[in-house]
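> give me coordinates for this.
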Amino acid sequence: MAHAMSQQWCQSHGLSFEIESRGIRAKPGDPTTVEVLMVLSQANINWQGTSEQLSIADLKWADDVWGMTQEHLDYAEQLGSELNLGSQPRYQLLAGTHELVDPLNCGLAAYEQLFFALQKLLPNRLGAI
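Sure thing, here's the model as predicted:
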């Protein structure tokens, strides 16, 4: 959801950032959940995405890694620990000092809550780049 929202925000502001979204438990090729597609559709965001697992190649490519939870960041930092210090991305919680709840298997209302949180967080993060 964050990937689709970020791309939409960048397009609407005439920016062309390269954005990738990965999961720490993602099953490569799994389609976007129905709940995400419903929430995005309600916001007029058309999305056709699939899941990808975070890899060392992603971390080599990235300047910034934003995680929803500390567990996400810990996983990314551990995976990226073999990178040279000068080529490591910046690891941060997307919400700054607190975690965002992962809505997986929590119903449509949880996805809607995350969407509203991301509507506030993503423009601030993207606008600061």
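> going forward, measure contacts between C-alpha atoms and count neighbours the same way
OK.
> just so I have it, where are all the strands in this protein?
Ranges of strands in the chain, per DSSP state E, are 64-67, 90-93.
> out of the ones you listed, nearest to P28?
strand 64-67 (18.5 Å; C-alpha to C-alpha).
> could you list the buried residues of the closest one?
Buried residues in strand 64-67, counting neighbours by 16 or more other C-alpha atoms under 10 Å, are found at V65, W66, G67.
> can you check stretch 83-94 too?
The neighbour-count check on stretch 83-94 (16+ other C-alpha under 10 Å) flags Q88, P89, Y91, Q92, L93, L94 as buried.
> take these and lay them out in TSV including distance to N44.
Conversion of these to TSV gives the following (distance: C-alpha to C-alpha, whole Å):
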residue	distance to N44
Q88	35
P89	32
Y91	30
Q92	29
L93	27
L94	23
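> so which one among these has the lowest pLDDT?
Ranked by pLDDT, the buried residues of stretch 83-94 bottom out at Q88 (89).
> if we can go back for a sec, the strands of the chain into CSV, with extra columns for distance to G14?
As requested, the strands of the chain are exported to CSV (distance: least, C-alpha to C-alpha, whole Å):
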stretch, distance to G14
strand 64-67, 20
strand 90-93, 24
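> and the residue of the chain positioned farthest from its centre, what's its pLDDT?
Most distant from the centre of the chain: N84, at 23.8 Å, with distances by C-alpha atoms, centre = their mean. Per-residue pLDDT puts N84 at 86.
> what do you get for P31?
According to the prediction, P31 has pLDDT 91.
> where's it relative to T50, distance?
Per C-alpha to C-alpha, to the nearest Å, P31 is found 4 Å from T50.
> what's the local residue count around the nearest residue to S55 once chain neighbours are set aside?
Take S55 and drop its neighbours on the chain: the residue closest to it by C-alpha to C-alpha, 6 or more residues apart in numbering is L79, 7.6 Å away. For L79, the tally of surrounding residues (other C-alpha atoms under 10 Å) stands at 14.
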